[in-house]
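J.: coordinates only, sequence not included:
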């Protein structure tokens, strides 16, 4: 079996950035959080519309974050995207999520490499579970996501305003390109996985 070193280095990069930035958040006001998250409703596919790139996904296209709540109440996560263009190779990362605040289910810990875990805050969630903002307490990393890959400019600007109100420098948030016209096979796999099983990206 071929071992993909890029996935290992990518996981190390994600883990390292998150781990070191956790310590930078000690003097910050707490991030806003969704009032109450129904985990079963939150599961499934979320298309990444806006994000703060790191080295492994700075040229990401057609990015999708998929969540599956396994029988142990762990959140099996699959982050997949096309690298470089909508025709580029698929890169996939599979961290595991753990609900940290079980009163509102909005604060998780995400583990890319044992034993390190990074903060993962559901800072905003629309009532219809169609749009969400995921944030890191350092105010350096955030993800704007939606159940569909197309978001109009007005809605996107509204989401950026929410991040700015939470203390983010929104100039570092990049809008991810999406074009699924030649990705029908992958799109069907995402839709068929739904909320009840893990996503197999290929």
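T.: Sure thing, it's come through. For clarity, every value in this text was computed on a predicted model and none was experimentally measured. Residues are numbered from 1 along each chain as shown.
J.: Please count neighbours and contacts with C-alpha atoms only from this point.
T.: Noted.
J.: Listing request: residues of this structure with sub-threshold pLDDT.
T.: Within the chain, the stretches falling below the threshold (pLDDT under 70) are 1-28, 114, 201-202.
J.: all strands for it, in order.
T.: In the chain, strands defined by DSSP state E lie at 44-51, 60-69, 75-83, 90-93, 96-101, 107-111, 118-125, 131-135, 142-146, 174-175, listed in chain order.
J.: Just send these back as CSV, with distance to residue 157 too.
T.: Below are the strands of the chain laid out as CSV (distance: least, C-alpha to C-alpha, whole Å):
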stretch, distance to residue 157
strand 44-51, 10
strand 60-69, 19
strand 75-83, 23
strand 90-93, 28
strand 96-101, 28
strand 107-111, 24
strand 118-125, 14
strand 131-135, 13
strand 142-146, 11
strand 174-175, 11
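J.: for the ones you listed, which one sits closest to residue 30?
T.: Within those, the stretch nearest residue 30 is strand 118-125; the backing value is 10.2 Å (C-alpha to C-alpha).
J.: so what's the one residue sitting closest to the centre of the chain closest to, chain neighbours aside?
T.: Centroid-nearest residue in the chain, with C-alpha atoms, centre = their mean: residue 65, separated by 5.2 Å. Taking C-alpha to C-alpha, 6 or more residues apart in numbering as the measure, residue 65 lies nearest to residue 79, with 4.5 Å between them; neighbours along the chain are not counted.
J.: gap between the one you found and residue 178?
T.: Residue 79 sits 15 Å away from residue 178, taking C-alpha to C-alpha, to the nearest Å as the criterion.
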